[in-house]
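>>> Just the structure for this:
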Amino acid sequence: MITAIGGCFLVILGTVLAVDQLGYAVPYRGLFLVLLAPAISAIVDSVRVANVVGWRHVLPISRFVTGVIFGLIGILMSLRLNTGLILPALIVALGIVTIVRAFFGRIL
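All right, here's what the predicted structure looks like:
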């Protein structure tokens with residue numbers, strides 16, 4: 001269930017970033033630095049998991065990549081950098097895939 005909520009959060013985040021890139025004003029951009037908290041948490045967790053299973057396993061690598069992506073998104077959105085529409089589309093797609101994965105994980 002938490003994975004699906006995270007996927008919904010990614011879809012909303014990607015949509016907000018797309019709206020911003022289309023020229024609409026998004027207030028309180030500094031609030032996106034809140035994304036650094038889950039980013040740091042994911043990176044620290046990837047190191048913890050890597051100590052158990054090793055860096056060749058997919059779990060620590062996927063958590064590390066997720067942390068880096070969340071950190072970059074938070075920084076890009078707070079600094080008002082122009083990312084085009086490709087990054088928002090990728091974030092929305094990642095959110096949808098996460099929701100579908102969570103749904104099939106509950107069924108199977």
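>>> What's the local residue count around the closest residue to residue 66 other than its chain neighbours?
Leaving aside its sequence neighbours, residue 66 sits nearest to residue 42 (Cβ to Cβ, 6 or more residues apart in numbering; 4.9 Å). In short, each C-beta sits where N, CA and C put it, glycine included. The local packing of residue 42 (other Cβ atoms under 10 Å) involves 19 other residues.
>>> Could you do residue 91 as well?
Count around residue 91 with other Cβ under 10 Å applied: 22.
>>> List the contacts of it.
Under the criterion of Cβ atoms under 8 Å, 6 or more residues apart in numbering, the contact partners of residue 91 comprise 10, 11, 13, 14, 17, 73.
>>> Which one of those residues is nearest to residue 32?
residue 73 (7.5 Å; Cβ to Cβ).
>>> now the nearest residue to that closest one once chain neighbours are set aside: how far from residue 10?
Closest residue in space to residue 73, ignoring its immediate chain neighbours: residue 35 at 5.9 Å, by Cβ to Cβ, 6+ apart. Distance, residue 35 to residue 10, by Cβ to Cβ, to the nearest Å: 11 Å.
>>> Checking the spatially most central residue of the chain next. Helix, strand or coil?
The residue lying closest to the centre of the chain (Cα atoms, centre = their mean) is residue 70, at 4.3 Å. The local conformation at residue 70, judged by DSSP: H, G, I helix; E, B strand; the rest coil, is helix.
>>> Just give the closest residue to it, not the sequence neighbours.
Using Cβ to Cβ, 6+ apart, the closest residue to residue 70 is residue 39 (3.8 Å).
>>> Please, which helix or strand holds that neighbour?
helix 36-53 (DSSP states H and E).
>>> Quick one: residues in contact with that helix.
So helix 36-53 is contacted by 57, 59-64, 66-71, 74-75 (Cβ under 8 Å, 6+ apart).
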